[in-house]
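**Q** whatever this is, show me its structure:
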Amino acid sequence: QVQLVESGGGLVQAGGSLRLSCTASGRTFSSYAMGWFRQAPGKEREFVAAISWSGGTTDYADSVKGRFTISRDNAKTTVYLQMNSLKPEDTAVYYCAARTYYSTNYAPINFGFWGQGTQVTVSS
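**A** Have a look, this model is predicted:
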C-alpha cells in the first residue's frame, strides 16, 4: 500500500511555470512506477507523464513533451512534475498515481493508487 499527497498547484499566467510534488507514504516507494494524470471539467482523466522505479525511463503525452518534466527522489519518496510554458489548455486537476510495474499502457485503470489531486489553473 502507498498513500499519495499532491501539492504545488495554483493559478499562473500563460507562459509561466509550476512544479507539482507528490509525496508518498511507506518504505517501498522505490518499487513503484509513478505517473501524473490530469482531468479538466467535463473531460476524461488523461495521461501526462510517467517515470520508472529508478527514474531512468520517462514518457510524456505529446501535448506536454518539451514543456513538462517528470522526476523523482526516492530518498524523499517524492515525484515531481515541472511544468513550463503553461497554456490555458493545461488547466485541470492534476493527480499522481502509482503502480507496482512499469508499462507503456497508461490507461488510468492500470494504476492502483491515487492522490487526491491538486488544481492547476492557467489564465490567458
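
**Q** what segments of the protein are strands?
**A** 4-7, 10-13, 18-24, 33-39, 46-51, 58-60, 68-73, 78-83, 92-99, 113-114, 118-123 (DSSP state E).

**Q** which of the ones you listed sits closest to residue 107?
**A** strand 46-51 (7.9 Å; C-beta to C-beta). C-beta: built from backbone N, CA, C; applies to glycine.

**Q** CA atoms only for that closest one, dumped as PDB, please.
**A** Taking Å, rounded to 0.1, in the frame of the first residue of the first chain, the C-alpha atoms of strand 46-51 are listed here in PDB:
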ATOM      1  CA  GLU A  46      -5.700  11.700 -19.300                       C
ATOM      2  CA  PHE A  47      -2.100  10.600 -19.000                       C
ATOM      3  CA  VAL A  48       0.500  13.300 -18.700                       C
ATOM      4  CA  ALA A  49       3.800  11.700 -17.700                       C
ATOM      5  CA  ALA A  50       5.300   8.600 -16.300                       C
ATOM      6  CA  ILE A  51       8.600   7.500 -14.700                       C
END
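
**Q** and it with strand 68-73, angle?
**A** 40 degrees (axes from the mean of the first three to the mean of the last three C-alpha atoms, to 10 degrees).

**Q** check which helices and strands strand 46-51 sits against.
**A** Secondary-structure packing of strand 46-51 (3 or more C-beta pairs under 8 Å, 6 or more residues apart in numbering; DSSP states H and E): strand 33-39, strand 58-60, strand 68-73, strand 78-83.

**Q** in a markdown table: these, plus distance to residue 5.
**A** Output for these, formatted as a markdown table (distance: least, C-beta to C-beta, whole Å):
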| stretch | distance to residue 5 |
| --- | --- |
| strand 33-39 | 13 |
| strand 58-60 | 22 |
| strand 68-73 | 15 |
| strand 78-83 | 10 |
